[in-house]
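Student: Below is the structure, and that's it, no one-letter string:
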């Protein structure tokens, strides 16, 4: 991402561009963009104004449900507001996708380094978005011991903010994983029987496949 950031003028711009490119039919408010990309709202407004000026995105009103507190209860209320959507006729979408999506989204070493902070990680398998196989059931598959799920979720959300797309992931303790392998668990078979890439294997699992 470092090279892309220099090429495009910063991490914030790359994150927001990827968010729109990965989700071409989705409308986002500035607040949505800030939350999903983990970019500060003033920076979001600056980047959105630039993209609007270039005609890469266009304004669109949209409705969605938001939680509102009423008499000590939280209820979902429909809210209509202005947002932004990718302009599908922007002439440079194809080369931008090649540069920002059809490349290594996150270095494998960075994925492993981050996941290691969530527990004693022993096996990491990537598929789906990382190998351009949209049919995969998960994008990241993690096996380890003492995995702190809140920490893992935060790591996944950080990676999502850099990629611009929600990730499907699964995590198992080592003993549970081995049991499920022995039982031919469907989720695990769905990962292993279809395109995937093992980027960390402290179980020597790859040798036993």
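Tutor: Happy to help now that I have it. It should be emphasised that the depicted structure is a prediction, and the values quoted were computed from it without experimental measurement.

Student: what's the strand or helix carrying residue 158 packed up against?
Tutor: Using DSSP states H and E, residue 158 falls within helix 149-163. Here helix 149-163 touches helix 11-22, helix 30-37, helix 108-116, strand 140-145, strand 169-173, going by 3 or more C-beta pairs under 8 Å, 6 or more residues apart in numbering; DSSP states H and E. For the C-beta atoms, the positions are set from N, CA and C on the backbone; glycine is no exception.

Student: for those, which one sits closest to residue 48?
Tutor: helix 30-37 (6.2 Å; C-beta to C-beta).

Student: and that closest one, what other elements does it pack with?
Tutor: Packed against helix 30-37 by the contact rule (3+ C-beta pairs under 8 Å, 6+ apart) you find helix 11-22, helix 41-53, strand 73-86, helix 149-163.

Student: Residue ranges in the protein under the pLDDT threshold?
Tutor: Low-confidence segments of the chain (pLDDT under 70): 1-2, 207-209.

Student: Could you report the distance from the residue nearest to the spatial centre of the chain to residue 168?
Tutor: The residue lying closest to the centre of the chain (C-alpha atoms, centre = their mean) is residue 160, at 2.6 Å. Distance, residue 160 to residue 168, by C-beta to C-beta, to the nearest Å: 11 Å.

Student: what helix or strand does residue 59 sit in?
Tutor: Going by DSSP H and E, residue 59 is in strand 57-70.

Student: Sheet-wise, list the partners of that strand with their directions.
Tutor: Next to strand 57-70 in the sheet, as set by DSSP bridges, lie strand 73-86 (antiparallel).

Student: tell me which residues in the strand it pairs with are buried?
Tutor: By 16 or more other C-beta atoms under 10 Å, the buried positions in strand 73-86 come out as 83-86.

Student: pretty sure residue 129 contacts residue 106?
Tutor: No: in this structure residue 129 lies outside contact range of residue 106 using C-beta atoms under 8 Å: 10.1 Å.

Student: which of the two has more neighbours?
Tutor: Neighbour totals were compared for residue 129 and residue 106, and residue 129 leads with 21 against 15 (other C-beta atoms under 10 Å).

Student: Identify the residues contacting the nearest residue to residue 125 once chain neighbours are set aside.
Tutor: Nearest non-adjacent residue to residue 125, counting by C-beta to C-beta, 6 or more residues apart in numbering: residue 141, 4.1 Å away. By C-beta atoms under 8 Å, 6 or more residues apart in numbering, the residues touching residue 141 are 123-127, 169-171, 191, 196.

Student: Buried among the residues you listed? Make that a PyMOL selection.
Tutor: In PyMOL, a selection of the buried entries from the contacts of residue 141 looks like this (16+ other C-beta under 10 Å):
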select buried, resi 123+124+125+126+127+169+170+171+191+196
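
Student: which of the residues in stretch 83-99 are buried?
Tutor: Of all the residues in stretch 83-99, those buried under the rule 16+ other C-beta under 10 Å are 83-87, 90, 93, 96-97, 99.

Student: before we move on, what about stretch 157-175?
Tutor: Using 16+ other C-beta under 10 Å as the test for burial, stretch 157-175 gives 159-165, 167, 169-174.
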